[in-house]
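Colleague: When you get a sec, could you give me coordinates for this:
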Amino acid sequence: MLAWLAMHRSFRLFLIVAIFAAGIGSRLAGAYFARLGTYLFSEDLIVLHDAAQFALEGKDVYAITLQTWPINQFLAYPAGILWMSVGMLELSSFTGISFLYTAQSFATAFDTTIAILVLMALRSEPFYRKIMGLLLAFFNPFLFWNTVYAVKPEDTFMLALTLGALCLLEMSKFGKASVVMGVALASKPFPVLLLPYFVYRIAAGRRKRCILYLAAAFATASLPYIVTEPVSYLTASFLVHVSRPAESEIRNPFIGLLTLRPDLATHILVLAILLAVIALIYLEFSGVDSYTFTFLMAFAFVSFYWVAGQQYFTWFVPFVIVSVLKRMGHDQVSESLR
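Modeller: Presented below is the predicted three-dimensional model:
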């Protein structure tokens, strides 16, 4: 009976649809019940709202970031996040739905996209692994908390783009992968850590053209700031994170202890440790698949960057799911479930 259920195409489709419905429904239900109590959404959501408002008013958002940094940390993300926020604000104004609910809807959509991409990454794996991947993508506490309680769509936006680029890379669709990675670079600084590996994995004969695709996609997503104010834009989006102070409430539990002594020498030390770990990963693990490499890089960042925001713990989730399930031995389950 179990073998028939696993093999029957209609049942497989029903099971996949049911998991998607449960994953999306649980987020909507969680959002409803969260409103009944004290709701602790991220302060970043207020920043996204204000940044979008300023952009629509024609103000230079990144000049404001540099003027207030680090006392008042305004938008320190590339323009992809800014334009996502503008879209949320415009949709909120058009529909009359609050910015909070709109942001939560966007985050749910990005979570769903991640689940679809996990399924795509596991397309050649046995059916039971696809089901495990979907369940882990939808019902892990990190992404669920990020969407329902923290309401941080910017992180799942970046994750969906990065995972999409890696899926295309593994399928040898290098041009499309480069375009998606270019947009991912314009969402958050984390994909920058993957850039040398990503370029290295592109076929040598297509590498130069794909680098141009990547750069063009990044520049397009970064308009108009990459043209009008390139120095302030790149500084506010990327370089400020090198000198970011470690606030006590989000200090890394390990390496962040060193920042209890906030002097230049200590900051250089913790930065050197992070860079050394990144270099070690490149030296020892450049030959692994892109999902495993990205998991290792995300885990290293969370472990050795001196700031450890709650949302950082979502960054390795989809990649470790795919990496582990693709590496599981085929002899660990019955042949009837494949």
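Colleague: Report the distance from the helix or strand where V180 lies to the chain centre.
Modeller: Taking DSSP states H and E as the definition, one finds V180 inside helix 174-185. The chain centre lies 14 Å from the centre of helix 174-185; the measure is Cα atoms, centre = their mean, to the nearest Å.
Colleague: what's that helix packed up against?
Modeller: Helices and strands touching helix 174-185, as assessed by 3 or more Cβ pairs under 8 Å, 6 or more residues apart in numbering; DSSP states H and E, comprise helix 153-170, helix 195-201, helix 207-221. The C-beta positions use only the backbone N, C-alpha and C, and glycine is treated the same way.
Colleague: Quick one: mean pLDDT for the next helix or strand after the last one?
Modeller: I take that to be helix 207-221. For helix 207-221, the succeeding helix or strand toward the C-terminus, using DSSP H and E, is helix 225-228. Helix 225-228 shows a mean pLDDT of 92.
Colleague: Then stretch 324-338?
Modeller: Stretch 324-338 shows a mean pLDDT of 60.
Colleague: Over to stretch 87-94?
Modeller: pLDDT averaged over stretch 87-94 gives 94.
Colleague: so how far is it from its chain's centroid?
Modeller: Stretch 87-94 has its C-alpha centroid displaced from the chain centroid by 22 Å (Cα atoms, centre = their mean).
Colleague: what about the helices in the stretch 201-338 of the chain?
Modeller: With DSSP state H, counting those that start in this stretch as the criterion, the stretch 201-338 of the chain has helices at 207-221, 225-228, 230-237, 264-285, 290-304, 317-327.
Colleague: is it possible to export those to TSV including distance to A76 and mean neighbour count?
Modeller: Rendered in TSV, the data for the helices of the stretch 201-338 of the chain read as follows (distance: least, Cβ to Cβ, whole Å; neighbours: other Cβ atoms under 10 Å):
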stretch	distance to A76	mean neighbour count
helix 207-221	16	17
helix 225-228	13	15
helix 230-237	6	18
helix 264-285	17	14
helix 290-304	16	21
helix 317-327	23	21
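Colleague: of all the ones you listed, which lies closest to A18?
Modeller: helix 317-327 (19.0 Å; Cβ to Cβ).
Colleague: Report the distance from the closest one to the chain centre.
Modeller: For helix 317-327, the separation from the chain centroid amounts to 15 Å (computed by Cα atoms, centre = their mean).
Colleague: Over to stretch 174-190?
Modeller: The gap between where stretch 174-190 is centred and where its chain is centred comes out at 11 Å by Cα atoms, centre = their mean.
Colleague: now stretch 160-177
Modeller: When C-alpha coordinates are averaged (Cα atoms, centre = their mean), stretch 160-177 and its chain have centres 14 Å apart.
Colleague: I'd like the next helix or strand past the helix or strand hosting A103.
Modeller: In the assignment (DSSP H and E), A103 maps to helix 99-121. Under the assignment DSSP H and E, the closest C-terminal helix or strand after helix 99-121 is helix 127-138.
Colleague: got the contact list for T156?
Modeller: Neighbour list for T156: 107, 110-111, 113-114, 143, 146-147, 314 [criterion: Cβ atoms under 8 Å, 6 or more residues apart in numbering].
Colleague: Apologies, that question was intended for I24.
Modeller: Residues in contact with I24 (Cβ under 8 Å, 6+ apart) are 108, 112.
Colleague: that's a strand at Y77, yeah?
Modeller: No - per DSSP: H, G, I helix; E, B strand; the rest coil, Y77 lies outside any strand segment and is coil.
Colleague: Please verify my assumption that it contacts P153.
Modeller: No - the pair formed by Y77 and P153 falls short of the contact definition of Cβ atoms under 8 Å, at 11.6 Å.
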